[in-house]
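J.: coords please:
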Amino acid sequence: MKLKLVGTGAISGVDRSACSLIDNKIMVDCGNGLIKTLIKQGVEIMNIEAIFITHLHADHFFDLPFLVLLRSISSVNNLLKIYCPVGTEKIIEHLCDDYVSGIAGSYNQWKTKGSLEFFEFENLNNEKVLETYFVTSFKVCHGNKSPAYGYVIKHENKAVGFSGDSSLCAGVEEIVKNSDVSVLDMFSLNATHAHMSVLDIEKLCLENKTKTIVSTHCTTQAKIDAKERNIKNLIIAEDGLEIEV
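T.: Okay, here's the model as predicted:
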């Protein structure tokens, strides 16, 4: 599996909003500014076949309306599946009709032309999403935001996990346990009620020495602090980094 860290930043950082890509087919989150980032990084956007949204904060899903529009005016030969929390599609319809186009009914036309479908769920258990890709969802703790999900994506004998935004919780620990590589929220040096810290990530690395952990959703200072601590099995990612799993 090829893991691409499209964006690795938090909303307050200089890097792009957190977003990852698996084998140029499956994307995790689609926040503000990421469509242009994908184009700049040379990604064939129309080849993406599935998107997983972790939660409904703007920096994780606000570029979906623009992707819907872009697919509707492009030549697409594949169905795009969007897996997301319950209620997501209504929000996207509202954004498309009232803000992107300003014309009622635009979303339904764009959705048909762009060949895409929303799959709103409460739980995914080894769900077959593409021919050889299976996904399990995990509830995580992102402050008062509920639901918030992490994922483990499996392909053949490899697995990549994603925490989304989360404090250190049982869901995150299960994601790391069930993944070869885990892409985890590392927002600051000290933990908050909604995000993991550099110290939390260091603890997970020490407890899972055979696993690889990759940081994301970082402030600039968090990356500096993590580098100073020289954590052995942690990759401090930069935007555009590619990793073979």
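J.: can you map out the strands along this protein?
T.: If DSSP state E is used as the criterion, the strands of the chain fall at 2-7, 19-22, 26-28, 50-52, 80-85, 116-121, 127-130, 133-139, 149-155, 158-162, 181-185, 212-216, 234-235, 241-244.
J.: residues near the residue nearest to Gly7 when sequence neighbours are not counted, how many?
T.: Once flanking residues are discounted, Gly7 sits nearest to Arg16: 3.1 Å by C-beta to C-beta, 6 or more residues apart in numbering. Yep, even glycine has a C-beta here, placed from its N, CA and C like the rest. Per other C-beta atoms under 10 Å, the neighbour tally for Arg16 reads 23.
J.: OK, contacts around the closest residue to Cys96 other than its chain neighbours?
T.: Once flanking residues are discounted, Cys96 sits nearest to Tyr107: 3.8 Å by C-beta to C-beta, 6+ apart. Tyr107 sits next to Val68, Ile92, Glu93, Cys96, Asp97 when contact means C-beta atoms under 8 Å, 6 or more residues apart in numbering.
J.: Tell me the spacing between Thr216 and Thr192.
T.: Going from Thr216 to Thr192 by C-beta to C-beta, to the nearest Å gives 16 Å.
J.: Neighbour count: these two, which is higher?
T.: The residue with more neighbours, out of Thr216 and Thr192, is Thr216; 29 against 11, by other C-beta under 10 Å.
J.: Quick check: the more buried one vs Met46, distance?
T.: Separation of Thr216 from Met46 (C-beta to C-beta): 25 Å.
J.: what does Val76 give?
T.: 5 Å.
J.: cool, Gly9 as well?
T.: With C-beta to C-beta as the criterion, Gly9 and Met46 are 25 Å apart.
J.: ok, those two, which is more surrounded?
T.: Set Gly9 next to Met46 and count neighbours by other C-beta under 10 Å: Gly9 wins out with 23 against 17.
J.: Tabulate the strands of the chain in a markdown table, adding columns for distance to Val172.
T.: Below are the strands of the chain laid out as a markdown table (distance: least, C-beta to C-beta, whole Å):
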| stretch | distance to Val172 |
| --- | --- |
| strand 2-7 | 18 |
| strand 19-22 | 16 |
| strand 26-28 | 15 |
| strand 50-52 | 16 |
| strand 80-85 | 18 |
| strand 116-121 | 19 |
| strand 127-130 | 20 |
| strand 133-139 | 8 |
| strand 149-155 | 7 |
| strand 158-162 | 9 |
| strand 181-185 | 7 |
| strand 212-216 | 11 |
| strand 234-235 | 15 |
| strand 241-244 | 19 |
